[in-house]
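In: Just need the structure, nothing else, for what follows:
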Amino acid sequence: MLNRLFDIEGKIALVTGGAQGIGRMIAEGFARGGAKVYLTSRRADVAESAAREISAFAECVAIPADVSTPGGVVELAREIERRESRLDVVVNNAGKTWGAPLESFPDKAWGSVIAVNVQAPFTLVRELLPLLTAGASASDPARVINLGSVAGRKVEPIEAYSYSASKAAVQHLSRVLAAELAPRYVTVNTVVPGYFPTSMTAHLREEEARARELLARIPLARLGSAEDIAGICVFLASRAGAYVTGAELVVDGGLCGCA
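Out: Residues are numbered from 1 along each chain as shown. Sure thing, here's the model as predicted:
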């Protein structure tokens, strides 16, 4: 039984924002495990390029999609419905941030960030519920994995006020949805990454002094790797994670837990 505990072969997964960054790490991790993966990006060329590379491991399909508006999210759900009769895993990874000092942080930095980071995951789950419940069972529920952030759990020196608030919101939204959807055999969990080598952290890594300061704050003294984030998502999507719902799984090298 142990060799099947983390098996995701044959599952069908959607990873929003799966062409780059943490989303790409998760999408490739699922494909390496034998899952069929749909990934999205606003840019068709970026999505197609990522899907071609990931298809070396398992089938990966690119869907250009803009999840910054409810209409774009609904159209994404309709596109998945046109292609599949069930969906086993949804990873709400697409995210947006905005950084500026408090004194100049603009009002326009709120609506767009909340729309992508909080409203889009809710709308996508709502619209995909028929597909999620189609193949779900008590022993093998459908899985929703929402991406949070350490900035939504603790105060981080990043001057990204709407981003931090949005991640705190999506982490609580996950608990609310977990309670609502448990009777329908859909689990909802939040994965809370720390600092990974992505475009969102490039400004922290480019300056040597800031990079040293960042690593000094992480108890395990390194950034996260693709295996670190993909592994926790594979766990949640597999039989090993079938009894986990409403949880926050922090993957941050000890930044939150050891502080």
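In: Point me to the residue sitting closest to the centre of the protein.
Out: Closest residue to the average C-alpha location of the chain: residue 93 at 2.8 Å, with Cα atoms, centre = their mean.
In: now stretch 81-91, how far from the centre of its chain.
Out: The chain centre lies 16 Å from the centre of stretch 81-91; the measure is Cα atoms, centre = their mean, to the nearest Å.
In: Revised request: answer the last question for stretch 149-161.
Out: Worked out by Cα atoms, centre = their mean, stretch 149-161 lies 17 Å from the chain centre.
In: Same check on stretch 231-238?
Out: Put simply, stretch 231-238 sits 12 Å off its chain's centre (Cα atoms, centre = their mean).
In: likewise stretch 123-134?
Out: 16 Å.
In: can you give me the mean pLDDT across it?
Out: Averaging pLDDT along stretch 123-134 gives 98.
In: can you count the residues close to residue 179?
Out: 12 (other Cβ atoms under 10 Å). Every C-beta, even on glycine, is put in place using the N, C-alpha and C of the backbone.
In: okay but it is in contact with residue 246, surely?
Out: Yes: counting by Cβ atoms under 8 Å, residue 179 touches residue 246, with 6.6 Å between them.
In: what about residue 61, which SS state?
Out: Of the three states, residue 61 takes strand under DSSP: H, G, I helix; E, B strand; the rest coil.
In: go on, residue 97?
Out: coil.
In: does it really touch residue 161, like I thought?
Out: No: using Cβ under 8 Å, residue 97 is not in contact with residue 161, being 10.2 Å away.
In: hey, where'd the helices end up in this structure?
Out: 21-32, 44-54, 70-83, 108-114, 120-134, 161-181, 202-205, 208-217, 226-237 (DSSP state H).
In: Show me the one of these that comes nearest residue 153.
Out: Smallest distance to residue 153 across these (Cβ to Cβ): 7.3 Å, for helix 161-181.
In: Not counting the closest one itself, show me its contacts.
Out: Applying Cβ atoms under 8 Å, 6 or more residues apart in numbering, the contact partners of helix 161-181 are 92, 95-99, 102, 105, 109-110, 113-114, 117-118, 121-122, 125, 129, 144, 146-149, 151-153, 156, 158, 187-190, 192, 245-246, 248.
In: go again using 6 Å as the cut-off
Out: Outside of helix 161-181, the residues within contact range by Cβ atoms under 6 Å, 6 or more residues apart in numbering are 97-98, 105, 109-110, 113-114, 117-118, 146, 148-149, 151-152, 188, 190, 245-246, 248.
In: And stretch 118-125, by the same measure?
Out: For stretch 118-125, contacts defined as Cβ under 6 Å, 6+ apart pick out 67, 70, 73, 92, 144, 146, 166, 169-170.
In: Tell me who's in contact with residue 250.
Out: 192, 256.
In: Number of residues surrounding residue 73?
Out: Counted with other Cβ under 10 Å, residues neighbouring residue 73 total 27.
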